[in-house]
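K.L.:
quick one, structure for this:
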Amino acid sequence: MNLNTYQREAQKTDRVPSRRKSGDAGNDLTVPLLGLAGETGELLSEYKKHLRDGDSHLLFRERVSEELGDLLWYVGNVAAKFDLKLEDIAQANLKKTRDRWGPQDTGSLAFDAEFEEHERLPRRFEVELSEVTVDGRKKIRMRVNGKKIGDDLTDNADDPDGYRFHDVFHLGYVAVLGWSPVIRKLLKRKRKSIPQVDEVQDGGRAQVLDEGVAALVFDYAKEHRWLEGVGDLDYKLLRTIKGVTSLLEVRERSLGEWQRAILVGFEVWRQVLSAGGGKILVDQDAKSLTFLGPPDSVRRKAPRKS
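P.N.:
Model prediction:
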C-alpha cells in the first residue's frame with residue numbers, strides 16, 4: 001500500500017470531517033492536532049514501561065507498532081485537511097534530509113569551469129593574514145603570493161572579537177563550495193566576459209550576501225563557543241543561508257556542504273586568532289582549508305632558542 005492510498009482509506013474513518021467548504025471549521029483541525037499530541041504521549045508511555053519492566057514488557061513492539069499506526073492516521077488526517085498528500089510530504093522530507101545529512105558532495109561542479117583562467121578562482125592558493133600598523137592603528141592585511149589584497153581590516157567593534165580575521169570564512173566558502181563573490185573581487189577574478197554573470201553572480205548584491213552570511217554565522221558562533229567542538233549547526237541557520245542565497249549559483253550546494261564550509265572556516269579562524277595571523281592553504285580539489293602556521297612577521301618576532 002502506498003502512502004496516498006493509505007491516506008485516502010484512512011479518511012473514510014474520519015469522525016470529524018472538514019467543514020471548511022461550509023465556512024465552519026469547527027473541530028476538524030483541533031481534534032486531529034490534539035490526537036497527534038495524545039498519541040505521542042501514548043508512545044512515550046509505552047517506552048517508559050519498557051524502561052521500567054525491560055524484557056517482561058512482552059507486548060512492547062506490538063504496542064509501539066500500534067501507537068505509530070495511530071500517529072500515522074492523524075498525520076494523514078491533518079495533511080488531508082490542508083489538501084496535502086502524504087506521498088508529496090514524504091518525498092519533500094526525504095529531499096530535505098538528504099540535503100542536510102546525505103553525502104556532502106554535489107560533485108565536481110565548478111561554477112567557473114567554462115571561463116578563461118584569469119576569470120577562474122585558483123584551485124589551490126596560499127593566503128597570509130598578518131598584523132600591520134597603519135597611522136598608529138593595528139590592522140590585519142591579507143596577501144596572496146606576497147601581494148596585498150583588499151583593504152586592511154579591524155574588528156569594527158568597540159570590543160575586539162576577532163572579526164578582523166573574517167576573510168577566513170570567505171576562504172572556507174571558496175575551498176568547500178567553490179564560491180565567494182568577495183574573494184573573487186579581491187583576486188580580480190570576476191567573470192566580466194559574460195556581463196550577466198558578472199552583474200548577478202559576481203556583482204554588488206552577491207558580495208553583500210556573501211558578507212551577510214559571514215556576519216550571520218559569526219553572530220551565531222559567538223553564542224556557541226565559536227563552534228569549538230560543534231559537529232552540527234542549527235537547521236534553521238542553514239535553511240536561512242540557503243534562503244538568502246537561493247538566487248545565486250551557490251544554491252547548487254547542499255546544506256551539508258554549507259555546514260562543512262562553515263565549520264572548517266571557524267576551525268582555521270580559531271587557529272589564526274590564537275596565532276595573531278597565519279598562513280592558510282585553500283584547496284578546492286581537496287575541499288580543504290588548512291592552517292599552515294603563523295605569518296612570517298610573527299615568526300621573525302619569536303625569540304631564538306639558546
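
K.L.:
please list all residues in contact with Ala215.
P.N.:
His166 (CB atoms under 8 Å, 6 or more residues apart in numbering). Where C-beta positions appear, they are placed from N, C-alpha and C, glycine not excepted.

K.L.:
what about it, distance to Phe169?
P.N.:
Per CB to CB, to the nearest Å, Ala215 is found 9 Å from Phe169.

K.L.:
ok, Leu3 next?
P.N.:
41 Å.

K.L.:
more neighbours, those two?
P.N.:
The neighbour comparison of Leu3 against Phe169 (other CB atoms under 10 Å) goes to Phe169, with 27 against 18.

K.L.:
residues contacting that one?
P.N.:
214, 217-218, 262, 265-266, 269.

K.L.:
switch the cut-off to 10 Å
P.N.:
163, 180, 182, 210-211, 213-215, 217-218, 221, 261-262, 264-266, 268-269, 289 (CB atoms under 10 Å, 6 or more residues apart in numbering).

K.L.:
and for Ile194?
P.N.:
Counted by CB under 10 Å, 6+ apart, Ile194 has contacts 114-115, 119, 200-202.

K.L.:
just the buried subset of the residues you listed, written out for ChimeraX, thanks.
P.N.:
Remark: buried members of the contacts of Ile194, expressed as a ChimeraX selection using 16 or more other CB atoms under 10 Å:
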select :115,119,201,202
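
K.L.:
between the contacts of Ile194, which is nearest Ser65?
P.N.:
Gln201 (51.2 Å; CB to CB).

K.L.:
if I look at that closest one, how far off is Thr240?
P.N.:
20 Å.

K.L.:
which strands and helices sit next to the helix or strand hosting Gly76?
P.N.:
Assigning secondary structure by DSSP states H and E places Gly76 in helix 60-81. Counting contacts by 3 or more CB pairs under 10 Å, 6 or more residues apart in numbering; DSSP states H and E, helix 60-81 packs against helix 3-10, helix 30-53, helix 86-101.
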